[in-house]
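1. Coordinates only, no sequence provided:
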């Protein structure tokens, strides 16, 4: 089942996506709700970020191939220091944008790259949840681009400029409730050309461990989002690029890239 | 002017605090609003966290005396590495609690301390704001306790357990709109005994620099909160303690401390 948040004229709603149409949902997708008979063509509506989370968490450096790529390409000392343990951090809800919205490269930036990732969507309040029970607290999965700066302009231990700039958090296009999160391909394309293909089977900390782990100290709430890490290599983004992340079984998240006008 | 968010029976509202009473405000405190003739005794209502922010930012290590204390007492290598530059980070809205609510020490924790701080409350969307203009984007100031873990149980570069655990973010009791933020005393008491007294005149990055600085890369939104750092020394918290942070001219934020029951 595909659940989308969308805008039409000046109102917004959740909807059930089937084929090229979306049917309006009445009520909260996190509680009781009904699918109405009112539907729109997907081409008529504007897809929005699938939730408005109270927290946007991330688990970085979660695939061996990505760690190897980052050590080679970038800040090896930092990467090695970070990669020794389960290390969730907050990307921050402020950077979230929806499908088709512009990723804006800050005027100060000299290097920004994409990271195509599987996104966990929390369905129920989760605290001190076991790994075995974790699936019951997950509503479904979506796609995210963990847009990231590197280099001197973004050299913050706190990930402030590195990860949290406005527009660095594209998510969407919707929530898929019926997939095995550990048997998915993630394909990333830049301007139509495939640059990376990986499988979520390679996660170091899988989705259930991640939800359980964060919930040991933090209450996860319905709609909260968790990034699960990029599987492989990454490429720099430039003005005029279009970056597309496809997870077959979920969908495709596509965003244009523009340079900030100052 | 003191603006409080409060609960009464099963509804909540903003109100104007005068003496020991709070008058109901109609409309959003961030837009047009009116103070009604309906009022309650403060003793009748439950004060709530003064906003529900989309982002809860922080600037740490913002006073020389606090940096010196931390270097002596704790993780000197990390502190020194962190203290070289403006380094905002996100504490996360998930940890926020209101006045009088319990700070809960996680079962795994072996060391947790208080940090009494001045809290900035954003009033208008702020992006690429200059230091000179920053005051126009600030609605007012409140009080925060940046409850923090140290030691092996919380050794995360990401500040996950160190700063973001449930209940580690007491804020309140209300927003004061008419104070000079750089001429305030911060007094912290543990079980009634004063342990630290500092002045906000000692900030390395003052409130206007901080708002301007974060806004260079991030849109701050109405209600967003920013911690400005603890002025001096800190003490460990134990089950049964009451920690009280007073900023004369604003008010007092008081919270009991309990050990987690597992």
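-> Thanks, I have the structure now. Keep in mind that this is a model prediction, so the values were computed, not measured. Numbering: from 1, shown residues only, chains lettered A, B, ... in the order given.
2. Which strands and helices lie in contact with the helix or strand hosting residue A:210?
-> Assigned by DSSP states H and E, residue A:210 belongs to helix A:207-215. When contacts are defined as 3 or more C-beta pairs under 8 Å, 6 or more residues apart in numbering or on different chains; DSSP states H and E, helix A:207-215 packs onto strand A:88-90, strand A:116-122, strand A:138-145, strand A:225-227. C-betas here are computed from N, CA, C, even on glycine.
3. same thing but 7 Å
-> Applying 3 or more C-beta pairs under 7 Å, 6 or more residues apart in numbering or on different chains; DSSP states H and E, one finds that helix A:207-215 makes contact with strand A:116-122, strand A:225-227.
4. can you redo those strands as CSV with distance to chain B?
-> Formatted as CSV, the helices and strands packed on helix A:207-215 follow (distance: least, C-beta to the nearest C-beta, whole Å):
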stretch, distance to chain B
strand A:116-122, 11
strand A:225-227, 12
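5. Quick check: which of these is nearest to residue A:168?
-> strand A:225-227 (11.3 Å; C-beta to C-beta).
6. contact partners of that closest one?
-> Applying C-beta atoms under 7 Å, 6 or more residues apart in numbering or on different chains, the external contacts of strand A:225-227 come out as A:51, A:53, A:56-59, A:91, A:117, A:119-121, A:144, A:146, A:171, A:210-211, A:214.
7. same question, stretch A:141-151
-> A:50, A:58, A:74-75, A:103, A:109-121, A:161-163, A:168, A:170-172, A:174-176, A:179, A:181, A:227, A:230, A:243, A:245, A:247, A:250-251, A:253, A:255.
8. Mind giving me the PyMOL select for those, buried ones only?
-> Listed next is the PyMOL selection for buried residues among the contacts of stretch A:141-151, using 16 or more other C-beta atoms under 10 Å in any protein chain shown:
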select buried, chain A and resi 50+58+74+103+109+112+113+114+115+116+117+118+119+120+121+161+162+163+168+170+171+172+174+175+176+179+181+227+230+243+245+247+250+251+253+255
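9. So which of the contacts of stretch A:141-151 are in strands?
-> A:58, A:103, A:112-113, A:116-121, A:170-172, A:174-176, A:227, A:243, A:245, A:247, A:251, A:253, A:255 (DSSP state E).
10. gap between the residue of the stretch 101-250 of chain A found nearest chain B and residue A:120?
-> Closest to chain B within the stretch 101-250 of chain A is residue A:158: 3.5 Å, counting by C-beta to the nearest C-beta. Residue A:158 sits 23 Å away from residue A:120, going by C-beta to C-beta, to the nearest Å.
11. Any figure for the gap between residue A:51 and chain B?
-> Per C-beta to the nearest C-beta, to the nearest Å, residue A:51 is found 13 Å from chain B.
12. Now do the contacts for the closest residue to that residue other than its chain neighbours.
-> Spatial nearest neighbour of residue A:51, chain neighbours left out: residue A:223 (3.7 Å); criterion: C-beta to C-beta, 6 or more residues apart in numbering or on different chains. Counting by C-beta under 7 Å, 6+ apart, residue A:223 makes contact with A:30, A:51, A:52, A:53, A:122.
13. Write out the residues of chain A neighbouring chain B.
-> A:54-55, A:81-82, A:87-90, A:92-94, A:106, A:156-158, A:160-161, A:164-166, A:217-219 (C-beta under 7 Å from any C-beta of the partner chain).
14. Try it again at 6 Å.
-> Within reach of chain B by C-beta under 6 Å from any C-beta of the partner chain, chain A has these residues: A:54-55, A:82, A:87-90, A:92-94, A:106, A:156-158, A:160-161, A:165-166, A:217-219.
15. Among those residues, which ones are in strands?
-> Those of these lying in strands (DSSP E): A:88, A:89, A:90.
16. pretty sure the last one contacts residue B:92?
-> When you say that, I think you mean residue A:90. Yes: assessed by C-beta atoms under 6 Å, residue A:90 is found in contact with residue B:92 at 4.9 Å.
17. Buried by neighbour count: which residues of stretch A:129-141 qualify?
-> Buried, per 16+ other C-beta under 10 Å, within stretch A:129-141: A:129, A:134, A:137, A:138, A:139, A:140, A:141.
18. tell me which element the residue nearest to residue A:26 when sequence neighbours are not counted falls in.
-> The shortest distance from residue A:26 to any non-neighbouring residue, by C-beta to C-beta, 6+ apart, is to residue A:34 (5.2 Å). If you go by DSSP H and E, residue A:34 is part of strand A:33-41.
19. That strand: what's the following helix or strand?
-> That would be, after strand A:33-41 and using DSSP H and E, strand A:46-48.
20. Point to the residue nearest the middle of chain A.
-> Nearest to the geometric centre of chain A sits residue A:144, at 2.3 Å (C-alpha atoms, centre = their mean).
21. does residue A:177 really touch residue A:140, like I thought?
-> Yes: taking contacts as C-beta under 6 Å, residue A:177 lies within contact range of residue A:140: 3.8 Å.
22. Point me to the residue of the stretch 1-150 of chain A nearest chain B.
-> residue A:89 (3.5 Å).
23. which residues does that residue form a beta bridge with?
-> residue A:58 (DSSP bridges).
24. still on that earlier bit, and for the residue nearest to the centre of chain A, nearest residue in space, chain neighbours not counted?
-> residue A:119 (4.0 Å).
25. Then residue A:15?
-> Here the residue nearest residue A:15, using C-beta to C-beta, 6+ apart, is residue A:22, at 3.8 Å.
26. Sort out which residues of stretch A:183-203 are buried, please.
-> A:184, A:186, A:187, A:188, A:189, A:190, A:195, A:196, A:198, A:200, A:202, A:203.
27. Tell me, what's the model's pLDDT at the second one?
-> The score at residue A:186 is 97. That number is its pLDDT.
28. my guess is it is in a strand, correct?
-> Yes: counting by DSSP: H, G, I helix; E, B strand; the rest coil, residue A:186 is part of a strand.
29. For it, name its beta-bridge partners.
-> residue A:198.
30. That one and residue A:115 touch, don't they?
-> No: Residue A:186 lies out of contact with residue A:115 (C-beta under 6 Å); the separation is 9.8 Å.
31. thinking again about what came up before, quick check: angle from the helix holding residue A:210 to strand A:138-145?
-> Per axes from the mean of the first three to the mean of the last three C-alpha atoms, to 10 degrees, the angle that helix A:207-215 makes with strand A:138-145 is 100 degrees.
32. to the chain's geometric centre, what's the distance from helix A:207-215?
-> Relative to the chain's own centre, helix A:207-215 is displaced by 16 Å; criterion: C-alpha atoms, centre = their mean, to the nearest Å.
33. what do you get for stretch A:224-242?
-> That offset, for stretch A:224-242, works out to 9 Å (C-alpha atoms, centre = their mean).
34. what domains does the record give for chain A?
-> If you go by automatic domain parsing, the domain ranges for chain A are A:1-48, A:49-259.
35. nearest to residue B:11, of those domains?
-> domain A:1-48 (19.7 Å).
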